[in-house]
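1. Structure for the following, please:
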Amino acid sequence: MTETSSLRERLAQDLKAAMKDRDTELRDTIRFILSAVKNVEIDKRAPLTVDEEIALLRTQAKQRRDSIDQFRAGGR
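-> Alright, predicted model coming up:
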């Protein structure tokens with residue numbers, strides 16, 4: 001088993017658990033992560049390596065933090 005598949009398996013298990021627990025925020029977050037990975041793989045036309053997945057997740061997290069900062073700075 002590769003590290004990539006173990007990461008995806010872990011996300012799939014966490015998604016199932018979130019759905020059972022009716023944790024909509026966690027469920028939606030995991031779905032977003034899986035969707036982002038799949039979209040990049042489609043664009044790249046190849047599976048992502050573990051390093052590429054981590055870089056993607058860091059980029060996505062930074063974008064979300066920046067959005068939150070801008071939202072707060074706007075007085076909303």
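2. Could you list the low-pLDDT ranges of the protein?
-> For the chain, residues meeting the criterion pLDDT under 70 lie at 1-5, 76.
3. Of all residues in it, which one is nearest the centre?
-> Among the residues of the chain, the one closest to the centroid is Ile33, at 1.9 Å (CA atoms, centre = their mean).
4. got the contact list for that one?
-> Leu11, Leu57, Gln60 (CB atoms under 8 Å, 6 or more residues apart in numbering). Quick note: C-beta positions are derived from backbone N, CA and C, even for glycine.
5. quick one: buried residues of the helix or strand hosting the first one?
-> Which is Leu11. Under the criterion of DSSP states H and E, Leu11 resides in helix 3-20. If you call a residue buried by 16 or more other CB atoms under 10 Å, then helix 3-20 has these buried ones: Thr4, Leu7, Arg8, Asp14, Leu15, Ala18.
6. Then stretch 49-59?
-> Buried, per 16+ other CB under 10 Å, within stretch 49-59: Glu52, Glu53, Leu56.
7. same check, this time on stretch 19-27
-> Of the residues in stretch 19-27, Arg27 count as buried by neighbour count, 16+ other CB under 10 Å.
8. sorry, back to before: wait, which of the buried residues of stretch 49-59 is closest to Thr29?
-> Of all these, Leu56 has the smallest distance to Thr29: 14.4 Å, by CB to CB.
9. give me the element the closest one is part of.
-> Per DSSP H and E, Leu56 falls inside helix 50-73.
10. just checking, what packs against that helix?
-> Judged by 3 or more CB pairs under 8 Å, 6 or more residues apart in numbering; DSSP states H and E, the packing partners of helix 50-73 are helix 3-20, helix 24-44.
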